[in-house]
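K.L.:
My questions are about this predicted structure, shown below with the sequence.
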Amino acid sequence: MDVSKASLLAATFLLAGLLPVALAASGTATFYTPPYVPSACYGFQNRGVMIAAASDAIWDNRAACGRRYRVTCRGPTNQGVLQPCTGRSVDVTIVDYCPAGCQGTIDLSQEAFAAIANPDAGKILIDYTR
């Protein structure tokens, strides 16, 4: 393999590795507590605890129902607050609607929020990808 082909191949792999980061959207997350049913998407059907409610920003007239998102905490929403993030990401399924006035882009279940941040933070900055 000549040098130009090797360089092109290396650049392709590098860009492919960065693609998921480039497609991440930024927003905020809050959390809600049980009971998680009924939900706007699935009524009384229990969909587990790694779930979330979509705000108007991602609700898409119910099309968000069943969509999965990977959510990562980026930091606190308030200056001077200690870092609430655990350093992990969580995968959630949209099962509900967070009505107008929702305080976050994604309203995570209490369990999903606790996986990525200290619940005492209440609201965090996030990156999320579908």
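P.N.:
Received, thanks.

K.L.:
which regions of this protein sit below the pLDDT cut-off?
P.N.:
1-22 (pLDDT under 70).

K.L.:
Spatially central residue in it, please.
P.N.:
Val71 (2.7 Å; C-alpha atoms, centre = their mean).

K.L.:
Quick check: the gap between that one and Thr129.
P.N.:
Val71 is 9 Å from Thr129, where distance means C-beta to C-beta, to the nearest Å. Every residue, glycine included, has its C-beta placed from N, CA and C.

K.L.:
try Asp60
P.N.:
In terms of C-beta to C-beta, Asp60 sits 16 Å off from Thr129.

K.L.:
So these two - more neighbours on which side?
P.N.:
Thr129 (16 against 12; other C-beta atoms under 10 Å).

K.L.:
Roughly how far does the more buried one sit from Thr105?
P.N.:
For Thr129, the distance to Thr105 equals 13 Å [C-beta to C-beta].

K.L.:
residues shared between the contacts of these two?
P.N.:
Residues touching both Thr129 and Thr105 (C-beta atoms under 8 Å, 6 or more residues apart in numbering): Ala25.

K.L.:
buried set for stretch 54-66?
P.N.:
Under the neighbour-count criterion of 16 or more other C-beta atoms under 10 Å, stretch 54-66 has 54-55, 58-59, 64-65 buried.
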